[in-house]
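Participant: sequence and predicted structure below; questions after.
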Amino acid sequence: MRSQASRRNFLQSAAAAGLAGSFLDTPWNGLLRRVSAEEAAPQPGAVKLRPEIEPLVKLLEDTPRERVLEEVAARIRGGLNYQDLLAALLLAGVRNIQPRPVGFKFHAVLVVNSAHLASIASPDEHRWLPILWAVEEFKNSQQQDTREGNWTMSALDEKFVPSGDKALGAFKTAMDRWDPEAVDPAVAGLARSAGANEMFEIFCRYGARDFRDIGHKAIYVANSWRTLRTVGWQHAEPVLRSLAYALTHYGDENPADSDQEADRPWRRNTKLAADIRPDWQVGRIDDGATRELLSGMRDGNWETSCDTALAQLNAGVDPQSLWDAIHSSAGELLMNQPGIVALHAVTTANALRFAFTESGDDETRRMLLLQAAAFTPMFHANARGRGDVGGTKLDELAGTSPGQDSAAVEAIMHSISDNRTQACEQLHGYLASGGATQPLIDAARLLVFFKGTNSHDYKFSSAAFEDYALLSPGWRERYLATSVFNLRGAGDQDNGLSERVRAALA
């Protein structure tokens, strides 16, 4: 359980944005039991599927949308475990929603980890809100999937599932041929014979091998792994079947037999990766190198960006300086063309950075960094194909200090609704002058809970707040300032979530 001091800190943070009276003391507060930090945290010791998970999944699947909150709330009040609901939500999604293309209605699955990250960063009594929102999102996507053909993951024919000694070879062959029919039984055999770490090393490479679905493949790999790490590896097989099916998605031409732009970075970077110096993972933090790579990414030429990244690594620049440029470039694009492409530049960089951090394989880490250096300018090129892209440069971003007190945080939250450019300058000035970050993030996250209306509100905010802490000082303040172009403001319309939850509990 969180300490009283930590709860006070959160209350003070939210109050700094003028939010405490509106949300923290809502009438339904206390009707749902609190979720402790311990209950929401990963439990690596869990090995068996709990016997009640299938009925809970069926409850989510079969309950009409207009009744699902009432049914779930009743079970929470009866002692339903947070992790069981999280697991059931993930499993219901992978069993009922087609992961092709990886996006659109499938965001109900992609957002589960983002909602969980938002939950564990919240006070105990608010941890149910993002998950209950995700339950409704699943029902919306399930309805859409039903209208579009009612795809359901089928049972495996066990006679085609390879034995453990043959599963890895069968899986890699099927993935390299982009063959979903062959990969399905192969991944099931692999899930039964390989460990979680081994599987992650394999999947994070395939998730980063192509630029189709604007980064959602890498996002699905990262988010599914993170959720499985919380709910338990015993739930992995259906999730990995869905993931493998998603990763073999392509358009008209099979990439194994063609040369398409989406696949070229991986093929070229395979050669570049071999030319990186052996001790590349240790170097000097170089602000000039960050600016050089950031500048080059604006042109949308991924080959030049990868060549620059290679040269910098071989000149002794630390990978951190390259990641500073990658995240900053995504934020800069969001600032200059807010919308679907730029926000996915942010969430894709988050997914690739997570995989880079988690991987223990030197070659895989090289490839993930180079692919991130390729994908970011590809997002810039994609954005220019959709319309005008502004010319504001992140490394030249101006700041206007609104002060450092609670009134400053509140002013920023209101400016997000009224004038995002002004909010960006205010936030940068607030942080650059020493303003505390946590009250700002707490307030912004709370606004997502009560004013967010789609999966991207959760996916984006969870990614941006996480990556902020990973950037070097001087870059992180600018990066977080760009987040206002896809955050919710204090003046935005409420989404009605608290009222629906209160009604469900009545």
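Facilitator: Thanks, I have the structure now.

Participant: rest of the way, CA atoms for contacts and neighbours
Facilitator: Will do.

Participant: tell me the contacts of the residue of the chain most remote from its centre?
Facilitator: The outermost residue of the chain relative to its centre, with distances by C-alpha atoms, centre = their mean, is residue 159 at 36.1 Å. If you count contacts by C-alpha atoms under 8 Å, 6 or more residues apart in numbering, residue 159 has none.

Participant: and what of residue 109?
Facilitator: By C-alpha under 8 Å, 6+ apart, the residues touching residue 109 are 90, 93-94, 138.

Participant: mind doing that once more with 6 Å?
Facilitator: Applying C-alpha atoms under 6 Å, 6 or more residues apart in numbering to residue 109 gives the contacts residue 93.

Participant: CA atoms only: put the helix or strand hosting it into PDB for me.
Facilitator: Per DSSP states H and E, residue 109 falls inside helix 107-120. Below are the C-alpha coordinates for helix 107-120, written out as PDB (Å, rounded to 0.1, in the frame of the first residue of the first chain):
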ATOM      1  CA  HIS A 107      -6.100  -0.700 -30.300                       C
ATOM      2  CA  ALA A 108      -8.300  -2.300 -27.600                       C
ATOM      3  CA  VAL A 109      -5.500  -4.800 -27.200                       C
ATOM      4  CA  LEU A 110      -2.600  -2.400 -27.800                       C
ATOM      5  CA  VAL A 111      -3.800   0.000 -25.100                       C
ATOM      6  CA  VAL A 112      -4.000  -2.600 -22.300                       C
ATOM      7  CA  ASN A 113      -0.500  -2.100 -21.200                       C
ATOM      8  CA  SER A 114      -0.800   1.700 -21.500                       C
ATOM      9  CA  ALA A 115      -3.900   1.700 -19.300                       C
ATOM     10  CA  HIS A 116      -2.000  -0.500 -16.800                       C
ATOM     11  CA  LEU A 117       1.000   1.900 -16.800                       C
ATOM     12  CA  ALA A 118      -1.400   4.800 -16.100                       C
ATOM     13  CA  SER A 119      -3.000   2.700 -13.300                       C
ATOM     14  CA  ILE A 120       0.100   1.900 -11.400                       C
END
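
Participant: average pLDDT across that helix?
Facilitator: When pLDDT is averaged over helix 107-120, the result is 96.

Participant: equivalent analysis for stretch 322-338, please.
Facilitator: Per-residue pLDDT over stretch 322-338 has a mean of 98.

Participant: show residues contacting that stretch.
Facilitator: Contacts to stretch 322-338, defined as C-alpha under 6 Å, 6+ apart, come from residues 290, 294, 342, 345-346, 389-390, 394, 471, 479, 482.

Participant: how far is stretch 399-407 from where the chain is centred?
Facilitator: Its chain's C-alpha centre and that of stretch 399-407 lie 29 Å apart, by C-alpha atoms, centre = their mean, to the nearest Å.

Participant: quick one: buried residues of that stretch?
Facilitator: Neighbour counts using 16 or more other C-alpha atoms under 10 Å place 399-403, 406 of stretch 399-407 among the buried residues.

Participant: ok, then the element right after the biggest helix by length in the chain?
Facilitator: Ranked by number of residues, the top helix in the chain under DSSP state H is helix 362-384. Following helix 362-384 in sequence order, the next helix or strand is helix 406-418 (DSSP H and E).

Participant: the very next helix or strand once past that following helix packs against which elements?
Facilitator: Using DSSP H and E, the next helix or strand after helix 406-418 towards the C-terminus is helix 420-432. Counting contacts by 3 or more C-alpha pairs under 6 Å, 6 or more residues apart in numbering; DSSP states H and E, helix 420-432 packs against helix 406-418, helix 476-482.
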